[in-house]
Structures are given as C-alpha cells and as structure tokens.
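Asks: just need the structure, nothing else, for what follows:
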Amino acid sequence: MIIDIHGHYTTAPKSLETWRNQQIAGIKDQSAMPRVADLRISDDELVDTIEQNQLRLMRERGSDLTVFSPRASFMAHHIGDFKVSSTWAAICNELCYRVSELFPDSFIPAAMLPQSPGVDPATCIPELEKCVKEYGAVAINLNPDPSGGHWTSPPLTDPHWFPIYEKMVEYDLPAMIHVSTSCNACFHTTGAHYINADTTAFMQCLSGDLFSRFPTLKFIIPHGGGAAPYHWGRYRGLAQEMKKPLLQDHLLNNIFFDTCVYHQPGIDLLTKVIPVENVLFASEMIGAVRGIDPETGHYYDDTKRYIEAAALTDEERYQIFEGNARRVYPRLDAALKQKGR
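Replies: Here you go, the predicted model:
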C-alpha cells in the first residue's frame, strides 16, 4: 500500500469558508454569530469536492490511503477564544470523518484540536476523545504555536502540554506537529512559519528530555523536518554540547519526518541523512505548493515519484510507503487489519 500520512481537506465546499467568515464577524458582533445548524453541506457536495480533487490525484499518482485532517491554515487558533475554536474544530473534524465514511478505503481521519492561546491544553481533551471514539481518528494535529507566529506558548517539552501527551499515550496516537496561519507579517504562512515551526519543534525536543518521561510518545515533524535534516551536523553538535545522548537514542525513537519535500535533491538528502525507519510518505497534495515544476513537467507535490527515484532498496521503499506508517500509527494499522488490508 501507498499510505499518505499528510492530507488536509483544502477543497471543502465554499460554504464552510462562508460560515467561518460569519463566525469571525460574530466575535465582534454576537448578533452576527452563526449557528452550527446554519451550515448545511450535503454528502453529494463532499463527494464532488473529493472525487474531483484529492481522490482523482490519488488515483493518478498511485496512492491508496490518506490520513485526512482539516485544512491546516484554516485552524487559525489565534482567532477568537476557546469557544470559537471548539466550535470550529468540531465542525471541521466532523467533515473529515464524513469524508472517511463516504470513502472508507481511501481516507481515514486525523483530528485538529480546539487550541486557543493561553488556554490550558486539557480543554482539548473532550474533542480528542470524541474524534478517537466516535470518528476513528488515528492521529492528531498539534499546534505548538496557537498564537499564530508570536510563540507565546511554552516549549513542547514543558508540563503545559502534558495533558495532551497523556491522552496520546493512552490512545496510542501520534501527533503531527503542525502550525496554522501566521498573523505575524514577518513570517509567510507556508514558506516561513511552517518551516520555522518544524525546525523549532525539533530543537525544543532536542533541548529537553521529554521522551524520558513519555517513552512511547510519537511526533511527526512535517515538511521533511524543516531545517533539521539539512543541518543534521549542527544538531548533533548542539546535542553533544548540551550533554545529551546521541540523536538516534535521544530523539529518533520518538520523532519522525514526512516526505513533503518538493524536489528530488531534497528527498535524496532526507533519505540519506535520516534513517529510513524515521521517514514516512506524505504529499500534502493540493496544499502549500500546487503548481507544476517547469524543470520536470510534474506537480511539485507529486512526492511518490521522488521516493521511486531515490537511491533506496525495495525494502526501504516499502518502509517509507507503508511499513513505517503502520508502526507509527498503531490505530491506522489496526483499522487496516480489521479490513483485511
């Protein structure tokens, strides 16, 4: 199987964005705040948006299953308060669940959390539990910076985050460490803020001892791990100066990188520097980079072809395409086995 662990519902019906804009307007004017019941999206609309977009490209590119979560840039945890975030997360998670019910062989849900700046992460637990128990979510997306580019939250190694980690361990859930929209003009959302956050999350984990306390905790750092693989020598050296164990012992039992790297040299470096067992296939298709590369004639986010062209053995490709996902996402593996896959 070709399992894409990084998919977002970026093509949701326009009415979702319209409702969200009304919700944002309602923050200042409560009389304008829409009801959840005001949002009506039919199954036919969901089918149309998926069949014409994600599913069409999955078939064209040869992937089988996508771990599907709400659109990352739409999470926008910095907007409004916890109530606003909670309502918005519930709506978006339900849509991804409905997609997974309509296309059970092609999509399986992952949940966004109703995070809000300055609010105890424990408030996210009811939504997390609902998504696991009722929707069959196999992972969560965890935003290390709900402030939207101002980094007002403690590092990921701080006890602030432990309520989430305790639930992740209880339910055997990995977390993709994924920020949302940047509201800081210094940081372009997808070109800077996302990559900065990936690098920052990695360095936070390197600096601490989180995995001594939570030895089964699993983080996926997306977009190829930000700068980490490219500067692996720097991080090895910093770990040495901090008297930390070797990175393979300190971090690589718990941290994994995806293949949302949109050119061949980047994938070649990733798979050369990072152990294959820590690399999971992903594309984030119809996401940050949607165009065609004039140098190759192929879509930038058609990442499967990069793995196929990399200097890997068949066994290594199997691990990246399927084996590692089954190991890092135990609930995904269980759901597949239940279907005889």
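
Asks: can you map out the strands along the stretch 51-200 of the chain?
Replies: For the stretch 51-200 of the chain, the strands defined by DSSP state E, counting those that start in this stretch occupy 65-70, 107-109, 111-112, 140-142, 175-177.

Asks: what helices or strands is the last one leaning on?
Replies: Read that as strand 175-177. strand 140-142, helix 194-207, strand 219-221 (3 or more CB pairs under 8 Å, 6 or more residues apart in numbering; DSSP states H and E). To be clear about C-beta, it is placed using only N, CA and C from the backbone, and glycine gets the same treatment.

Asks: again, only using 7 Å
Replies: Packing partners of strand 175-177 (3 or more CB pairs under 7 Å, 6 or more residues apart in numbering; DSSP states H and E): strand 140-142, strand 219-221.

Asks: and for the third one?
Replies: Secondary-structure packing of strand 111-112 (3+ CB pairs under 7 Å, 6+ apart): strand 65-70, helix 82-102, helix 125-133.

Asks: show me the contact partners of that strand.
Replies: Applying CB atoms under 7 Å, 6 or more residues apart in numbering, the contact partners of strand 111-112 are Ser69, Pro70, Met75, Ala89, Cys92, Asn93, Glu127, Leu128, Cys131, Ala137, Ile140, Asn141.

Asks: hmm, back to that, so which of the helices and strands packed on strand 175-177 gets nearest Asn324?
Replies: Closest of those to Asn324 is strand 219-221, at 10.1 Å (criterion: CB to CB).

Asks: return the list of strands paired to that closest one, each annotated with direction.
Replies: Strand pairing for strand 219-221, determined by DSSP bridges: strand 175-177 (parallel), strand 255-258 (parallel).

Asks: figure out how far the next helix or strand after that strand is from the centre of its chain.
Replies: Next helix or strand after strand 219-221 toward the C-terminus (DSSP states H and E): helix 232-241. Helix 232-241 sits 26 Å away from the centroid of its parent chain (CA atoms, centre = their mean, to the nearest Å).

Asks: and if you look at stretch 119-136?
Replies: 16 Å.

Asks: next, the buried residues of that stretch.
Replies: Val119, Pro121, Thr123, Cys124, Ile125, Glu127, Leu128, Lys130, Cys131, Val132, Tyr135, Gly136 (16 or more other CB atoms under 10 Å).

Asks: hmm, back to that, ranking the strands paired with strand 219-221 by burial, who's on top?
Replies: Among these, strand 255-258 has the highest mean neighbour count (mean count of other CB atoms under 10 Å), at a mean of 26.

Asks: other residues contacting that strand?
Replies: 5-6, 202, 205, 218-222, 224-225, 229, 270, 274, 278-280, 282, 328.
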